[in-house]
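Q: Quick one, structure for this:
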Amino acid sequence: MIDFQRLATWMDEAGLPGKGAPIEHRFLSGGTQNEIYEIVRGDERCAIRIPPPEAPPDRDKGVLREWRIIQALDGTDVPHTRAVAVCEDASVLGRPFYLMGFVEGWSPMGRTNWPAPFDADLKARAGLGYQLAEGIALLSKVDWRARGLHDLGRPDGFHERQVDRWTTFLNRIKGRDLPGFDAAAAWLRAHRPLDYVPGIMHGDYQFANVMYRDGAPARLAALVDWEMGTIGDPKLDLGWMLQSWPEDTGAPEAAEASYVDLRGMPSKEQMLGHYAEVSGRQVDDIDYYLVLAKWKLGVVLEQGYQRAGDDEKLLAFGPIVLDLMADAAELAESSGYTS
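A: Predicted coordinates for the structure are as follows:
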């Protein structure tokens, strides 16, 4: 539990609004990586993001990395949480932390149904998809060098490293054969994007990691959860977002294609078209990014499956991984894209 009195003292010393007033707080979300609390102090309403005591040591650097990204986004067109203040001194609350503006709105994460009016109005629901695509399109346009993120990642050789990195990772955790893995890996080695323009990557871009404003029309409120943020190829975010997107979002099976109901959403082609229009980037080589996204996600989920034990949620990753690898290999084989 956070020592909120100690936090109040630190906020006073940092010259933040609400000096001397008590902190009202409410737990919002959290897990093994980070915890988030809403904080109200006088007229200031914000949120604290801090690794819990049991989080691995590398989360200290991770949370400061997240801070750099949201701070860099201030003043851009990218919907984001406002950067309020950061504390790198772990002696204050036990771990480094940062304060960000409180976002009014809602998250698709953990919902069984879309909120009104998106539950019944499919035209309004389509706007959620277009806004999702627009978020990373705007992100891809940010001048990351001018925003001080020149040392955030290693954009040079980004694609050359992908296959070796994730193959090595899989070999370290491997507990079974994954049909399709080698075929997709070989295809990725033999192909490269038509162009590569480095930019800010979210790293895990999907409905679960954005927030929307209340009511229609759909309006993106913020991109959130920057744990995987880096400088790399922004179009991998596009592939990640669309890797399980159904071709026909009007079909009944679109309701089961993801953890959210995708019926009424824009088609994959419409999502690609909107991204291309807003970002100014070509998407003719999207098959490369879809193969890479499916293949990489399969490796990531395989780690969870290998350590599942009796955890039913992690055990469910087992067949999903096999489907992802099969899909990656099939798409690679059928793709007309050549680098």
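Q: So what touches stretch 22-42?
A: Contact with stretch 22-42 is made by 2, 4-5, 7-8, 11, 16-19, 21, 45-52, 54-55, 59, 62-63, 99, 102, 227, as judged by Cβ atoms under 8 Å, 6 or more residues apart in numbering. Where you see a C-beta, it was placed from the backbone N, CA and C, and this is true even at glycine.
Q: Do a quick rundown of the strands in this structure.
A: 24-30, 35-41, 44-50, 83-87, 97-101, 199-201, 210-212, 220-223, 230-232 (DSSP state E).
Q: Show me what Ile50 is bridged to.
A: Beta-bridge partners for Ile50, by DSSP bridges, are Glu35.
Q: what's the burial count for it?
A: Using other Cβ atoms under 10 Å, Ile50 is surrounded by 24 other residues.
Q: Now intersect the contacts of stretch 22-42 with the helices, please.
A: Judged by DSSP state H, these include Phe4, Gln5, Leu7, Ala8, Met11, Arg59, Gly62, Val63 as members of helices.
Q: Buried by neighbour count, from those residues: which ones?
A: Phe4, Leu7, Ala8, Met11, Arg59, Gly62, Val63 (16 or more other Cβ atoms under 10 Å).
Q: Kindly reformat those residues as TSV containing distance to Ala255 and pLDDT.
A: Shown next, in TSV, are those (distance: Cβ to Cβ, whole Å; pLDDT from 0 to 100):
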residue	distance to Ala255	pLDDT
Phe4	43	95
Leu7	43	97
Ala8	47	96
Met11	46	96
Arg59	36	92
Gly62	35	94
Val63	36	96
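Q: what about the nearest residue to Ile231 once chain neighbours are set aside, distance to Ile200?
A: With sequence-adjacent residues excluded and distances taken as Cβ to Cβ, 6 or more residues apart in numbering, Ile231 is closest to Gly153, at 3.6 Å. Distance, Gly153 to Ile200, by Cβ to Cβ, to the nearest Å: 9 Å.
Q: which neighbours do those two share?
A: Common neighbours of Gly153 and Ile200 (Cβ under 8 Å, 6+ apart) are Thr230, Ile231.
Q: Of those two, give the one with the bigger neighbour count.
A: Using other Cβ under 10 Å as the criterion, Gly153 and Ile200 rank with Ile200 on top: 29 against 18.
Q: Please identify which of the ones in helices among the contacts of stretch 22-42 is nearest to Arg189.
A: Ranked by distance to Arg189 (Cβ to Cβ), the ones in helices among the contacts of stretch 22-42 are led by Gly62 at 29.7 Å.
Q: how close does the closest one get to Gly264?
A: Gly62 is 36 Å from Gly264, by Cβ to Cβ.
Q: pLDDT score assigned to the closest residue to Lys296 other than its chain neighbours?
A: In this structure, Lys296 finds its nearest non-sequential neighbour in Trp166, 5.7 Å apart by Cβ to Cβ, 6+ apart. Looking at Trp166, its pLDDT reads 96.
Q: any idea how the chain splits into domains?
A: Domain assignment for the chain by automatic domain parsing gives 4-101, 122-334.
Q: Off-centre distance for the last one?
A: Looking back up the chat, that one is domain 122-334. 9 Å (Cα atoms, centre = their mean, to the nearest Å).
Q: Span of that domain from start to end?
A: Distance between the two ends of domain 122-334: 32 Å, counting by Cα to Cα, to the nearest Å.
Q: ok, now the shortest one?
A: Between the opening and closing residues of domain 4-101 lies a distance of 17 Å (Cα to Cα).
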